[in-house]
Structure formats: structure tokens, C-alpha cells
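Engineer: quick one, structure for this:
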Amino acid sequence: MKVIRKDGSIVERKFEELEGREAFWHTSAHVLAQAVKRLYPTTKCAIGPSIEQGFYYDFEFDFNFTAEHLQKVEDMMKTIIAESLVLQQFILSREETFHFLEKKEEPYKLELLNELPCDAKISFFEQGEFVDLCSGPHLSNVSYIKALKLTQVAGAYWRGKEENKMLTRIYGTSFSRKCDLETYLKQQEEAKLRDHRKLGKELELFTFMEEGPGFPFFLPKGMVIKNLLLDYWRALHEREGYVEISTPMILNRKLWETSGHWDHYKENMYLTNIDDDIYAIKPMNCPGGMLVYGSKPRSYKELPLRFGELGLVHRYEKSGQLHGLMRVRCFTQDDAHIFMAEEQIKEEIKGVIRLTDEVYKKFGFTYHVELSTRPENSIGSLEDWELATNALKTALEEIELPYLINEGDGAFYGPKIDFHLKDSIGRTWQCGSIQLDFQLPLRFGVEYIGADGEVHRPIMIHRVIFGSIERFFGILIEHYAGKFPTWLAPVQVKVLTVSEQFNDYAKDIIKELKLQGIRASLDSRSEKLGYKIREARLDKIPYILIIGQKEMESKKVSVWNREEGDLGEFLIGDVVNLINKDTML
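Structural biologist: Predicted coordinates for the structure are as follows:
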């Protein structure tokens, strides 16, 4: 399909390509707006971007928009697509644009225009009778859209600010093939069953309280899993030569000014006053890592120096953006900051990629990689950016890892490699990231003495694998549908007694299992066995051991496995071997 880029050039792109999907869904948003204006001409249009799984458009209606209206809009979109309308871009001056939008009575577009410089050239896209202020990219023809579905209606404050007017946001998705839409809709139904918020409550893993919206509370079973993830992380990093540090949660404003976060990230930071000075609760760990590196003179013999930190960070997220563990206001980053000489960059990046690959395979994920390049708000010289970007490209190519280019989406201080995981029902999640940074070492003035006796500036890698422990936890809940692998399950074995007379034998079994490092619990209630089995199965316990008269007399247990069902009778030593073998898979 043909894509019209922001500069007006036309290229061939597939829907599977990032640029192709963005143009596809952005065009679908314009078709949505065109359908709304055809049906309800007095409606005011706000913005309509492409998003991760489709698109949305914000409108101001002069009536109460309902699900009944939604179906009418979707039907009109299909009519517009059948008209095979061609999209064309044209440019107006700022003054011409002002008169154009004023005539059309589009106040939200005029507000956007007022923020542009006087000499700006304003891009519009036209399809049939519909014209929208937009820089693109877009499809060259709406007929490429073969299947679509409007999925949701929600409220959204204009520009995300609570003091602004509440608009109506219509969400949708679209595809180049009908079968892909069918697959997506089935995936969404499956996702509802796997919703980590629902399962987290049912399995007693975590909760949220009114006293702290966006701040998760981990319950005992959830803490078992969280600690297992942290223990796994620590073991891997000790093996790979990392040293663990911990930096303070609250640090002075001057630090954040030095790092650049004060200018680029302040609106997402929580601030407080201490001793008549402004402090910030850290939204990320890297400036603290810089202080640790600079706490004493360094030599080239120490490099590469790999600092790992499981740091709790806080970021202000608007209430409408919060979503279970996936979008929270405080979370634990599995950070690492690697300080190195220029000649060490490539091998260090390769080492991080290999470690990341090992972790994701452990949990059964496949993934794809994107290389994000210099954004508009970047800091540092073009020469440093080119060197950093080429270093990431070279490492990816030498390790023969395919990647996509994500233009302009790098961090403000450097380019990055992002890992997008594919879960068991085909959804993708951005988790791991490798960011190459020439700027923070310069801004903090950190150094090392080289083999030549001269002072040199180290280069720095920022790196996460889980990304956020909390978000990764949520992804795992949905990936496994709550059926955690045996090594990760908060309770690996549930022992059930047929009646109270077998409780003493069951307690001996529990004691032996725990001595062998197996997480086991006992259900000795005077309930019917069938009821207790159903409860254990609903809790998604990997192994159930049943004890009655026959088992006690033979000094064995009847074993039920979550995946295979009834396995028969086993001596307890054989049960331990069976579970230990399972946890090694």
C-alpha cells in the first residue's frame, strides 16, 4: 500500500511495518472523523492519532453520544471506505489556516494553530469533502482499509488537563485483511479472561486502595512471586559481573537540573520541600548511579563497571491513564548503568542483548527489536548521536538480531534499543530497553584515568530487562492466565486431607516438603474433598496431594498435576523429585 509521509513523499509500505501501521490507523482516525461530521455536522473535532492497537478521535458533541450512535458511525465509515477516496496533502500559511479553520468553526484546531510559530507552514489532508489539520502520515487511499471495528466510547479531557472540557473519545481498530480483525477480536475476548486485575484479585496477588490510587499493594502470595523475580534477577547479574547499588529515593533539585530531567520531565515528578529547598522523589535511578560512579577516582582497569539497581521510582500519571499494574505511579525498575570506554561499547551491548534474550526465553516469550533514533528534544552534538546510533546498529547486526527503525523515538539523551515481547495470545508489550548515553557523563563531569595516564570521559549504557517489576508481573499474570510455572507459583503444592484424622500425617508431609524448599500449604478443613479440590484448581496450584486412609497406610500420597490430571500414588521423596524436575524446565 502507498503511504504519504509527513514531507509529502510517497513510499510503499506493508501493514506489518511500523510506518505502514501508523499511516493505516491514522487514516482510519480521519475516516472516523469524516463519518461523524457526515452524520452530525455540528460536532467539533479535536485530535485523532494512531495508537498501539488502533486509533481514536476526540469530539465535542452537542448531544449525549451512545452505543447506538457508535454503530451508525461504524456503518458510515464502511460507506466512506467503499467510496475509495484519495487522500491529498496541501499546505497553507498560518494566516490562511486561521481563516480556514475559523470559517469551519473548529475551536480545538484553532487552539493548536495558536501554538505554532507565525512563519509555520501548516499541513492539511483532504479526502472527499473532509479536510483535517494534520501532518500525516496517511494512506494514499481509504480503500486499503478492509476491516474495522469501533471498540469503545470514553470521556477524555481536552489535552489531558482536568481543568479543560470533557470530550467524547471514540476508539477503534482496523486491518488490511478481514481475518486479522477476526483474530484481533478473539484475542480481545481471551484478554478479558486473562485480565491481570481480575486474576490478581481472585488469586490474592495484589490490590489497590482508595488511600493510594495508582500505588500497588502486594499481598503475601504476590510478594512470593515478586521476590522470586528479584532473586532470579540478582543471581543472573551476579553471574554476569554486575555489582548492586541502592540510591536515595529523594534527591535535591540541583541533581535533576544537572541530569536534564528538570527541563524535560518535571511535570511527571513529585516534589517536596526539605530545609527550605526543593527536592524530587526520583522518577528514575540514573542520576543516583552517576553520583555513585563519581564518588571516587576511577581507572580504566575498573571498566566496564556494571552497576545494577532495583530502585523504587515514582512518576505522576494522570488518573485516567492508570491501569492495574501496567500503568502505576510507583514501580521498581530493574536498572543497570554500565560505564565503559568507547572501544568497549559494542561488546557490552552484545552482552546485554544476550542476557535479555536469556531472561525472555525463561518465561516463554518471543520478541522483536526496535532501534529508536534521535528525537526533536534531544541534547548533545549530532556527532555523538551518530556515533551512539551506529554503535547500536553494529551490535545488532553482528549478533544477527533483526530490528526495525523507530525514527525520532529515542530518549532525549541518546538512542535506544527496545524489546517488544509477544505473549501467549499474540499481544506485544514493550519491556526491555538499552539506551546509549554520551550526555549524562558529560553533564556530571565523571571521568576515569586511561592507560595513557590521561583523563577520559566514560560512556554509559542505561538498561532494563523487566522494565518495571510491577508491569512485568502484570504481563506474566496475563501471559500464563494465572497458571504460573511451578518455579514461580506462590504455592507449588496444596495438600488436601479426606478427613481430620489424617491431619497429623499431612503436617508431616508439609514439613518434609518445606525442608526440601518446596512452597506447600495444607487444607485440613472439614469440607468435602471435591469442594477442596475445586478450590485448589481455581487457585491454579501446580500440584495437589491427596491424603486418605489408603495413602496414610502406604506412607504415600495421591498426586494430581494441573496439566496432566491424576498421576497416581507416590512416595514423598518421589514427589519432591517430580516437583524439582518440573521447576528446572
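
Engineer: only alpha carbons, please: show stretch 5-16 as PDB.
Structural biologist: Listed in PDB are the C-alpha atoms of stretch 5-16, where the atom choice follows Å, rounded to 0.1, in the frame of the first residue of the first chain:
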ATOM      1  CA  ARG A   5       4.800  10.700   4.600                       C
ATOM      2  CA  LYS A   6       4.900  14.000   6.500                       C
ATOM      3  CA  ASP A   7       7.200  15.500   3.900                       C
ATOM      4  CA  GLY A   8       4.700  14.700   1.100                       C
ATOM      5  CA  SER A   9       6.800  11.800  -0.300                       C
ATOM      6  CA  ILE A  10       5.100   8.600  -1.200                       C
ATOM      7  CA  VAL A  11       6.500   5.200  -0.300                       C
ATOM      8  CA  GLU A  12       5.300   1.500  -0.500                       C
ATOM      9  CA  ARG A  13       4.800   0.000   2.900                       C
ATOM     10  CA  LYS A  14       3.200  -3.100   4.400                       C
ATOM     11  CA  PHE A  15       0.700  -3.100   7.200                       C
ATOM     12  CA  GLU A  16       3.100  -5.300   9.200                       C
END
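
Engineer: list the contacts of it.
Structural biologist: By Cβ atoms under 8 Å, 6 or more residues apart in numbering, the surrounding residues in contact with stretch 5-16 are 1-4, 19-21, 23-24, 89, 123, 135-137, 140, 175-176. All C-beta spots, glycine's among them, are computed from the backbone N, C-alpha and C.

Engineer: and the residues you listed, which are buried?
Structural biologist: Among those, those scoring as buried are 1, 3-4, 19-21, 23-24, 89, 123, 136-137, 140, 175-176 (criterion: 16 or more other Cβ atoms under 10 Å).

Engineer: out of the residues you listed, list just those in helices.
Structural biologist: In this view, the buried ones among the contacts of stretch 5-16 that belong to helices under DSSP state H are Glu19, Gly20, Arg21, Ala23, Phe24.

Engineer: of those residues, closest to Gly453?
Structural biologist: Distance to Gly453, by Cβ to Cβ, is smallest for Glu19 among those, at 49.2 Å.

Engineer: any idea what the closest residue to Glu17 other than its chain neighbours is bridged to?
Structural biologist: Excluding the flanking residues, the one nearest Glu17 by Cβ to Cβ, 6 or more residues apart in numbering is Leu404, at 7.4 Å. According to DSSP bridges, the partner residues bridging Leu404 are Glu370.

Engineer: circling back to that earlier point, so among the ones in helices among the buried ones among the contacts of stretch 5-16, where is pLDDT lowest?
Structural biologist: On pLDDT alone, Glu19 ranks lowest of those, at 86.

Engineer: can you report how many residues neighbour the closest residue to that residue other than its chain neighbours?
Structural biologist: Nearest residue to Glu19 in three dimensions, chain neighbours excluded: Arg13, at 5.3 Å (Cβ to Cβ, 6+ apart). Other residues lying near Arg13 total 20 when counted by other Cβ atoms under 10 Å.

Engineer: show me where the stretch 151-300 of the chain has its helices.
Structural biologist: 178-194, 196-202, 220-239, 253-259, 261-265, 286-293 (DSSP state H, counting those that start in this stretch).

Engineer: out of these, flag the one nearest Leu396.
Structural biologist: helix 220-239 (21.4 Å).

Engineer: who touches that closest one?
Structural biologist: Counting by Cβ under 8 Å, 6+ apart, the neighbours of helix 220-239 from elsewhere in the structure are 200, 203-206, 218, 244, 306, 308, 310, 334, 336, 355, 358-359, 362, 465-466, 469, 472-473, 476, 484, 487-488, 490-491, 519.

Engineer: then stretch 144-151?
Structural biologist: Taking Cβ under 8 Å, 6+ apart as the criterion, the residues outside stretch 144-151 that touch it are 1, 24, 27-28, 31-32, 54, 70-71, 73-74, 77-78, 81, 139, 170-178, 180-182, 185, 188.
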